[in-house]
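1. build me a structure from this.
(2 chains)
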Amino acid sequence: METTHKIRVLIAKPGLDGHDKGAKIVALALRDAGMEVIYSGLHQTLEQIVQTATQEAVDIIGLSIMSGAHLPICKRLITMMKKQGLDDIRLTVGGVIPYQDIPGLKEMGVAAVFPGGTSFEDIITGMNNLFE
Amino acid sequence: MPEIKDILLGNQRAGARMIRLIEEGSPKAFPLLKQLYPHSGNAFIIGITGSPGVGKSTLMDALILEFRKRDKRIAVIAVDPSSPFSGGAILGDRLRMQRHATDEAVFIRSMASRGQTGGLSRATKDTAIVLDAMGYDIILIETVGAGQGEFDIASLAHSTGIVSIPGTGDGIQAVKAGILETGDVFIVNKCDRPGADASVHALTMMIGMRNRGTQLSNPSPKWTPLVLKTKALDGTGVDELADTFLSHFDFLKKNSLTDQTKRTQETLYFKSLLNDLTLEKIRSFMEASPKYDAVLKKIQTHEMDPISAAEHVVNTMIILK
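-> Numbering: from 1, shown residues only, chains lettered A, B, ... in the order given. Now for the predicted structure:
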């Protein structure tokens, strides 16, 4: 049978922040780049995100965080992903992320960070590059 | 690489990876699927179809809740359309079912249609086999928002529910080919809106006419489709809907119709696989031949028209005894 590899991405918003326009627009841009995007909506608990990523067998989790809690959220999520054996899923994060936090996020295992203002092109290239 | 024993134990990670292999058409999928096949055939498969916006996903969410109350393990396949332009997709059905994400007895898999018309994707059937082998009692399949031609679900599901809302179309919409024939249960959702009773009435009348038409030609026991009102958002009518689906399944079992459905499904499945495999084998064989290139060149230089070229290739390269 013909093989078709498509990148599957889970776009999720953890926690209480209710600003999802950015996440939706990024989801559309990724679709237009040929990716399959699972959009799980607002107010996701980390347990929900891990379980969704498991069931959907995604390649990438894209978190959208505007609340300023990106460091503790990513840290806890990475621990939970490891526990669940999701070693092959790349975690990326976008939203309101100060530049000085990027090295810390990378160090804890976040594969790519797309702070506010990153162009769609850079997000798409960045995601594609995760598999090279 | 997923392990068969993990899939059979219902491990979601293993099952999800297996489904991914199927969806990608990986050569690893078939050998695994062959081993899973004998463990399938126990689940009750319910299809939910209907136009975009009638509330299919919300109804799925309410049904999951209702079946969970009855202690059933539920798997969901939710199909959404792929973009014909980019090949990408936004899979958003799951959004309405997310409260079940952490329930270990629920497995939800979103799926893009990937160019398949008919409301499902090519991988849906094989995915249902995996979920069945994983031990889920009920598999709920939500099709792409369907219009008047998306009825593949009827050949895959034991029970097909067709969702509509009040006030859409007059009576004649309901008699059009496909819609009436494939439904086992008709659901008028958002039933708090005006016109719900009129919709129920119109559907009931059409079903009555359909049955008079088929009873003469087919005397075997026949299920009379029911028309139900629901308001998925607050769960109104959903317990009755769950009862109806389950009693339809009982009806099928009691009249040995599940065996018949299975035989029909297996024949269809075999034929569609045969199509795919034959086409692939013959085409790769043809395309590898120098004759193929020569003919292709002749088309490009206008020495041969495409019709004669295709006939020539088939007639000279396939020799059937």
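2. B:R114 is in contact with B:V144, isn't it?
-> No. With contacts counted by CB atoms under 8 Å, B:R114 stays clear of B:V144, the gap being 10.9 Å. No exception for glycine: its C-beta is placed from N, CA and C like everyone else's.
3. these two: who's more crowded?
-> Higher neighbour count among B:R114 and B:V144: B:V144, with 26 against 17, using other CB atoms under 10 Å in any protein chain shown.
4. for chain A, what lies in contact range of chain B?
-> Proximity of chain A to chain B, by CB under 8 Å from any CB of the partner chain, involves residues A:1-6, A:8, A:27-28, A:30-41, A:44-45, A:47-48, A:51-52, A:54-57, A:84-86.
5. hmm, 6 Å instead?
-> Residues of chain A lying close to chain B (CB under 6 Å from any CB of the partner chain) are A:1-5, A:27, A:31-32, A:34-41, A:47-48, A:51-52, A:54-55, A:57.
6. filter those to the buried ones?
-> Buried by 16 or more other CB atoms under 10 Å in any protein chain shown: A:27, A:31, A:34-41, A:48, A:51-52, A:54-55, A:57, out of these.
7. among those residues, which are in helices?
-> Mapping those onto helices (DSSP state H) picks out A:A27, A:R31, A:Q48, A:Q51, A:T52, A:T54, A:Q55.
8. list the contacts for the second one?
-> Spelled out, that is A:R31. Counting by CB atoms under 6 Å, 6 or more residues apart in numbering or on different chains, A:R31 makes contact with A:V37, B:G88, B:A89, B:I90.
9. retrieve the pLDDT associated with the third one.
-> Per-residue confidence at B:A89 stands at 95 (pLDDT).
10. B:L257 too?
-> Note on B:L257: pLDDT of 83.
11. all strands of the stretch 201-321 of chain B, in order?
-> Per DSSP state E, counting those that start in this stretch, the stretch 201-321 of chain B carries strands over the ranges B:226-229.
12. ditto for the stretch 51-200 of chain B
-> For the stretch 51-200 of chain B, strands defined by DSSP E, counting those that start in this stretch occupy the ranges B:74-80, B:89-91, B:106-112, B:138-142, B:159-164, B:185-188.
13. what of chain A?
-> A:8-12, A:36-39, A:60-65, A:90-95, A:112-115 (DSSP state E).
14. how about low-confidence regions in the chain?
-> Went with chain A since none was named. For chain A, applying pLDDT under 70 flags the ranges A:1-3.
15. oops, I was thinking of chain B
-> B:146-150, B:169-178, B:211-220, B:320-321.
16. what residues does it have near chain A?
-> Residues of chain B lying near chain A by CB under 6 Å from any CB: B:12-13, B:16-17, B:20, B:24-25, B:86-92, B:95, B:98, B:101-102, B:107-110, B:112.
17. what are the ranges of the helices in the stretch 151-300 of chain B?
-> B:153-156, B:171-175, B:179-182, B:196-217, B:238-254, B:257-287, B:290-300 (DSSP state H, counting those that start in this stretch).
18. which residue does the stretch 101-250 of chain B have closest to chain A?
-> Here the stretch 101-250 of chain B gets closest to chain A at one residue, B:A101, 4.3 Å apart by CB to the nearest CB.
19. hmm, that residue is touching A:T54, no?
-> No. Using CB atoms under 6 Å as the test, B:A101 is too far from A:T54 to be in contact (9.6 Å).
20. that older thread, would you turn the strands of chain A into a markdown table with distance to A:T125?
-> Output for the strands of chain A, formatted as a markdown table (distance: least, CB to CB, whole Å):
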| stretch | distance to A:T125 |
| --- | --- |
| strand A:8-12 | 14 |
| strand A:36-39 | 17 |
| strand A:60-65 | 13 |
| strand A:90-95 | 12 |
| strand A:112-115 | 10 |
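21. just name the most buried of these.
-> Sort those by mean neighbour count, taking mean count of other CB atoms under 10 Å in any protein chain shown, and strand A:36-39 sits at the top with a mean of 28.
22. wait, what's in contact with residue 22?
-> In the absence of a named chain, this looks at chain A. A:S64.
23. oops, wrong one, chain B.
-> Taking CB under 6 Å, 6+ apart, we find B:I22 in contact with B:A29, B:A123, B:D126.
24. not counting sequence-adjacent ones, nearest residue to the second one?
-> By that I understand B:A123. Among residues not flanking B:A123 along the chain, B:E23 sits closest, at 4.4 Å (CB to CB, 6 or more residues apart in numbering or on different chains).
25. next one: that neighbour relative to B:I7, how far apart?
-> 15 Å (CB to CB, to the nearest Å).
26. with B:N315 instead?
-> Relative to B:I7, B:N315 is positioned 46 Å away (CB to CB).
27. these two: which is more packed in?
-> When B:N315 and B:I7 are compared for neighbours, B:I7 comes out ahead with 26 against 9, by other CB under 10 Å.
28. longest helix in chain A, please.
-> Longest helix in chain A, counting by DSSP H: helix A:70-84.
29. name the helices or strands packed onto that one?
-> Judged by 3 or more CB pairs under 6 Å, 6 or more residues apart in numbering or on different chains; DSSP states H and E, helix A:70-84 is in contact with helix A:46-56, helix A:102-108.
30. tell me the gap between the longest one and the middle of its chain.
-> To tie it back to what came earlier, the one meant is helix A:46-56. 12 Å (CA atoms, centre = their mean, to the nearest Å).
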